[in-house]
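Enquirer: pasting the structure only:
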């Protein structure tokens, strides 16, 4: 039970205001609720008429579990042999009684009409309902938590793009965004531009880059990736196409992060024949030391 000094201080603090009708309004109210100084002798929470102290304590414990945990209603009621509906009635009555003896400012900021006692409307409630029903949205949420991208989620669950889109709309309502390949692209881009990134970490990112990633990263005014051929040309070396692969292995041997991706091109002399070659590249931050390495090797 709060002291008069504490009650006075709390009463002077700015109060939150309820917006709309939601379960969160109940939690915000409880964070602000306190009895008025004239009511400090009233049990907190108050005891209803013809209610024993044991029953009052039981109802308060039930309300605390309902409001402060994610325990399902069945689990809360098992120890007391109570139905789901009875638990809701108890919780509602406890909150209403606390509301009656709270200071006027709190009552006005959080009117009873703004309280929604249906936890299924909350984020955790919707997730739990999806889990119980074996919903796709809950499974997608788990994979998102594991850092899976949209393509990886489709492959793992064996679902179509349309099904994933529907699940993404549900998750969006939960405040959860499913990372797309574009999101991963931007993340890689930021990491490779970090001068404090170690060579080992940079190599891991380079090894995960695909052909489409390479084409994106190596273009623009400030490309993140630079072809080995451009490095050799900037070092003033004379070379043929076959030398590029040798330069690539030379850079890797010297400890500079480098990688390659396969590419296909059509033979000019036989247009139906496809030749498989590779793009060899490093991150642009390593251009200077890579050029120095190639110059040194040619001396």
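Expert: On my side now, so go ahead. These numbers come from a predicted model, not from an experiment.
Enquirer: check which helix or strand covers residue 96.
Expert: helix 84-100 (DSSP states H and E).
Enquirer: let me fix that: residue 278
Expert: strand 274-283.
Enquirer: do a quick rundown of the helices in the stretch 1-150 of the chain.
Expert: All helices of the stretch 1-150 of the chain, identified by DSSP state H, counting those that start in this stretch, fall at 4-12, 23-32, 53-68, 73-78, 84-100, 104-109, 123-132, 136-145, 150-157.
Enquirer: what's the burial count for residue 57?
Expert: 12 (other C-beta atoms under 10 Å). Placement of C-beta: from N, CA and C, glycine included.
Enquirer: how close does it get to residue 64?
Expert: Look at residue 57 and residue 64: by C-beta to C-beta, to the nearest Å, they are 10 Å apart.
Enquirer: of all the helices of the stretch 1-150 of the chain, which lies closest to residue 298?
Expert: In terms of C-beta to C-beta, the element of the helices of the stretch 1-150 of the chain nearest to residue 298 is helix 150-157, at 42.6 Å.
Enquirer: and the average pLDDT for the closest one is what?
Expert: Per-residue pLDDT values over helix 150-157 give a mean of 80.
Enquirer: just stretch 95-109 next, same as before
Expert: 84.
Enquirer: buried stuff in that stretch?
Expert: 95, 97, 98, 99, 101, 102, 103, 106, 109 (16 or more other C-beta atoms under 10 Å).
Enquirer: before we move on, the earlier item: now render the helices of the stretch 1-150 of the chain as JSON lines, adding distance to residue 193.
Expert: Output for those, formatted as JSON lines (distance: least, C-beta to C-beta, whole Å):
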{"stretch": "helix 4-12", "distance to residue 193": "49"}
{"stretch": "helix 23-32", "distance to residue 193": "40"}
{"stretch": "helix 53-68", "distance to residue 193": "44"}
{"stretch": "helix 73-78", "distance to residue 193": "50"}
{"stretch": "helix 84-100", "distance to residue 193": "52"}
{"stretch": "helix 104-109", "distance to residue 193": "47"}
{"stretch": "helix 123-132", "distance to residue 193": "35"}
{"stretch": "helix 136-145", "distance to residue 193": "25"}
{"stretch": "helix 150-157", "distance to residue 193": "24"}
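Enquirer: with that, I have no additional questions.
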